[in-house]
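Colleague: A predicted structure for the sequence below; I have some questions about it.
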Amino acid sequence: PITPTSKIWMSGQFVDWDDAHIHVLNPTLHYGWGVFEGIRAYPTARGSAVFRLTDHIARLYRSAKIYMMEPSFTQDELVAAVKETVAVNRVDACYIRPLIYLGYGEMGLNPLPSSIEVMVAVWPWGAYLGADAEENGCRATVSTWRRNDNNIIPPAAKASGQYLNSSLAKVAALKAGYDEAILTSPNGNVADGSGENVFIISEGRLITPPLSDGPLGGITRASIMQIAADQGYEVREQHIVRTDLYLADEAFFTGTAAEMVPIVEIDDRPVGAGRPGPITRELLELFHQATRGEIDRYKNWNELVQEP
Ligand code: PMP
């Protein structure tokens, strides 16, 4: 369950957590026309810092553009609103959920006449795939549910209704006894997890599917690609098919909520030795340090909530 904090930012005003309501006839609730982000703030030696906040807000506005939603706030204003919301709620480490949604008043399948609203909420949220997943890894399955095609619901956006696709896969995976689903694109290539990007390591190289196969352009994905390249690893965006998953030496998920989680089993086949692998562990440790502002080279990823 969500742990409530004190205030939620709603289109320019702070509202008490318990009063942050919308009408039941809000069209986003009915048809899913909304776009959102998932962001995390971490404690650093210089105070709480939001990880790659500007990049997340830029992605939010790209999602909004795809869905023709023009918020009345600039990206800079929303960056400031996120920092204020973290500060007001006094949570050093938290998950941050901005959502651009339709205002109440219109109904029907044309969203364009609706007003555009924006909200930002923050709350403490622990490891999304479970407390011991980072340490011991998780078990994944390739879902029978396919990732959306570009001409059905574009996976380049992070839109509310789009997550029906992810949730169908997630629920099926959990009911079958796995921790997470891996979805394939309509042409059968691996795309991503229900809420994470996927990487495999083969012969010392990192491989992750290209965006044309339907994964979200994850900000954790980009960060890990950078960290791995800086460590001297070859990083490729290349098609992955399901047997590449089975035969990989190592595999892991990346995502804001999940952070970085080793995958130790896929469809009941052990990945490598069936334990988190050495390169995965190395990158996980570096990512952990980067989020907490402990690596100089990546300090511009730590966007301080309050200037010292
Ligand atoms: N794929 C999907 C489908 C997601 O929902 C997410 C989470 N936003 C990701 C990948 C990972 O993206 P990020 O690292 O930016 O959180």
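Modeller: Noted; the coordinates are in hand. Residues are numbered from 1 along each chain as shown.

Colleague: can we go C-alpha only for contacts and neighbour counts from here?
Modeller: OK.

Colleague: following element in sequence after the helix or strand of the chain with the lowest mean pLDDT, please.
Modeller: None of the helices or strands of the chain scores lower by mean pLDDT, DSSP states H and E than helix 133-136, at a mean of 94. As assigned by DSSP states H and E, the chain's next helix or strand after helix 133-136 is strand 138-146.

Colleague: could I get the CA-only coordinates of that next one as PDB?
Modeller: Only the C-alpha atoms of strand 138-146 are listed here, as PDB (Å, rounded to 0.1, in the frame of the first residue of the first chain):
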ATOM      1  CA  CYS A 138      14.400 -12.500  -9.600                       C
ATOM      2  CA  ARG A 139      12.600 -15.000 -11.800                       C
ATOM      3  CA  ALA A 140      11.100 -13.900 -15.100                       C
ATOM      4  CA  THR A 141       8.900 -15.400 -17.800                       C
ATOM      5  CA  VAL A 142       8.400 -14.400 -21.400                       C
ATOM      6  CA  SER A 143       4.800 -13.300 -21.500                       C
ATOM      7  CA  THR A 144       2.200 -14.500 -24.100                       C
ATOM      8  CA  TRP A 145       1.100 -10.800 -24.000                       C
ATOM      9  CA  ARG A 146       2.900  -8.800 -26.700                       C
END
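
Colleague: just to revisit the earlier point, so which bits of the least confident helix or strand of the chain are buried?
Modeller: 133-134 (16 or more other C-alpha atoms under 10 Å).

Colleague: same question, stretch 292-301
Modeller: Neighbour counts using 16+ other C-alpha under 10 Å place 292-294, 298-299, 301 of stretch 292-301 among the buried residues.

Colleague: one step back: could you list every helix and strand in contact with the least confident helix or strand of the chain?
Modeller: strand 259-266 (3 or more C-alpha pairs under 8 Å, 6 or more residues apart in numbering; DSSP states H and E).

Colleague: now the angle from the strand it packs on to strand 138-146?
Modeller: Here the directions of strand 259-266 and strand 138-146 differ by 80 degrees (axes from the mean of the first three to the mean of the last three C-alpha atoms, to 10 degrees).

Colleague: which outside residues touch strand 259-266?
Modeller: 127, 129, 133-142, 220, 245-246, 250-254, 270-277, 280, 284, 287 (C-alpha atoms under 8 Å, 6 or more residues apart in numbering).

Colleague: pull out the buried residues from the residues you listed.
Modeller: Buried by 16+ other C-alpha under 10 Å: 129, 133-134, 137-142, 220, 245-246, 250-254, 270-272, 274-277, 280, 284, 287, out of the contacts of strand 259-266.

Colleague: and which of the buried residues of stretch 292-301 is nearest the ligand?
Modeller: Of all the buried residues of stretch 292-301, the ligand sits closest to residue 301, with 13.1 Å by C-alpha to the nearest ligand atom.

Colleague: wait, the closest one sits on residue 44?
Modeller: No: using C-alpha atoms under 8 Å, residue 301 makes no contact with residue 44, being 11.6 Å away.

Colleague: give me the pLDDT value at residue 126.
Modeller: On pLDDT, residue 126 comes in at 89.

Colleague: what about it, which SS state?
Modeller: Using DSSP: H, G, I helix; E, B strand; the rest coil, the structure places residue 126 in coil.

Colleague: residue contacts, it?
Modeller: Residue 126 touches nothing, counting by C-alpha under 8 Å, 6+ apart.

Colleague: tell me, how many residues neighbour the one residue in the stretch 1-150 of the chain that gets nearest to the ligand?
Modeller: For the stretch 1-150 of the chain and the ligand, the shortest gap (C-alpha to the nearest ligand atom) falls at residue 38, measuring 5.8 Å. Using other C-alpha atoms under 10 Å, residue 38 has 18 other residues around it.

Colleague: before we move on, back to that, export the least confident helix or strand of the chain as CSV, just CAs?
Modeller: Extracted in CSV, the C-alpha atoms of helix 133-136 (Å, rounded to 0.1, in the frame of the first residue of the first chain):
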residue,chain,number,x,y,z
ALA,A,133,15.6,-9.1,-5.4
GLU,A,134,18.6,-6.8,-5.7
GLU,A,135,20.7,-9.2,-3.7
ASN,A,136,19.4,-12.6,-4.9
